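> okay, predicted coordinates and the sequence, questions at the end:
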Amino acid sequence: MRASLIQIAVDPDEPVAERRARAARLVREERGAADLVVLPELWPVGAFAADLFAAESEPLHGPTYEAMAAAARDAEVWLHAGSFVEAAGGSLYNTSLVFSPDGELAASYRKIHRFGFDQGEAVLMAAGEDLVTVDLPRLTVGVGTCYDLRFPELFRGLVDAGAQAFVVPAGWPARRLGHWTLLARARAVENQAYVLACGTAGTHAGVEQAGHSLVVDPWGEVLAEAGPGEEVLRVVLDPSKPAEIREQFPALKDRLLGIAAPRRPHPSR
Ligand SMILES: NC(=O)CCC(=O)C(=O)O
């Protein structure tokens, strides 16, 4: 399975509509080169451009949905279109869209863990509640978004739902680049799953983005890693690898907590 991660630059001087058209062009350019294409978190507006979230919010079936559905269809790829600011029922959500090669919506995911503590996304957006997996032809993929990467229980829940790979769009800052690569590898090793982590490039809202999108295999090896600038990272995945690793080194079968009641020592007398 060929995957392409489009590490697009978010530049505040580029109008959202132009970036949307550019992202769609970049997806179309992967026609024949990829089976799965991934875009990053909140690439239309920028993950840290909180003052624009409300103004640039869209309904689910808005301009980003339409542009990405058409791009997936034209490129004949599975497309994880990253996320956009969704307006629904009086709330905003950080919502990811996954399209099948015929341009149909296969899944949507509202980011569960919102970043910012008492600011930005954490106060402006509502939290999603549902774990989401998507069955690609030979690989079940679980989705998470950026800050979600810090919450291992989410990814373990996705494994329990059948995930063999995780797609994680992000807008991760350069100043925490070390955490980004470490967490991506940790989620891969502990879950014996591929991690496809796609970040943004450029600087927006005064926050320099890390770039450095990466693909980690189920043994924790980094198969490919981008630099800091705009780039398309291409990699080939072996869909049978997660099952092979889980068979050869069956650590997931040794789980105790969350599966059965923990064994307790005898009370001391
Ligand atoms: N957009 C995000 O979720 C940023 C997360 C982040 O900066 C971090 O976890 O560190």
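Looks like it arrived, so ask away.

> all strands for the protein, in order.
Here the chain has its strands, by DSSP state E, at 2-7, 36-38, 78-88, 91-99, 105-110, 133-135, 140-143, 165-169, 194-198, 203-204, 207-208, 214-216, 222-225, 231-236.

> mind putting the ones you listed in CSV, mean pLDDT included?
Shown next, in CSV, are the strands of the chain (pLDDT from 0 to 100):
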stretch, mean pLDDT
strand 2-7, 99
strand 36-38, 99
strand 78-88, 98
strand 91-99, 98
strand 105-110, 98
strand 133-135, 98
strand 140-143, 98
strand 165-169, 99
strand 194-198, 99
strand 203-204, 98
strand 207-208, 98
strand 214-216, 99
strand 222-225, 98
strand 231-236, 98
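
> okay if I get those as TSV plus distance to the ligand and mean neighbour count?
(Each C-beta comes from the backbone N, C-alpha and C, glycine too.) Compiled in TSV, the strands of the chain are given as follows (distance: least, C-beta to the nearest ligand atom, whole Å; neighbours: other C-beta atoms under 10 Å):
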stretch	distance to the ligand	mean neighbour count
strand 2-7	15	25
strand 36-38	16	28
strand 78-88	10	25
strand 91-99	8	23
strand 105-110	13	20
strand 133-135	21	17
strand 140-143	14	24
strand 165-169	10	29
strand 194-198	12	28
strand 203-204	12	20
strand 207-208	9	16
strand 214-216	15	25
strand 222-225	18	15
strand 231-236	19	17
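
> would you map the helices across the stretch 151-269 of the chain?
Secondary structure of the stretch 151-269 of the chain (DSSP state H, counting those that start in this stretch): helices located at 152-160, 177-191, 241-248.

> and Ala163, how far from Val235?
18 Å (C-beta to C-beta, to the nearest Å).

> before we move on, back to that, can I get the helices of the stretch 151-269 of the chain in TSV including mean neighbour count, distance to the ligand and mean pLDDT?
Output for the helices of the stretch 151-269 of the chain, formatted as TSV (neighbours: other C-beta atoms under 10 Å; distance: least, C-beta to the nearest ligand atom, whole Å; pLDDT from 0 to 100):
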stretch	mean neighbour count	distance to the ligand	mean pLDDT
helix 152-160	18	13	98
helix 177-191	19	6	98
helix 241-248	16	25	98
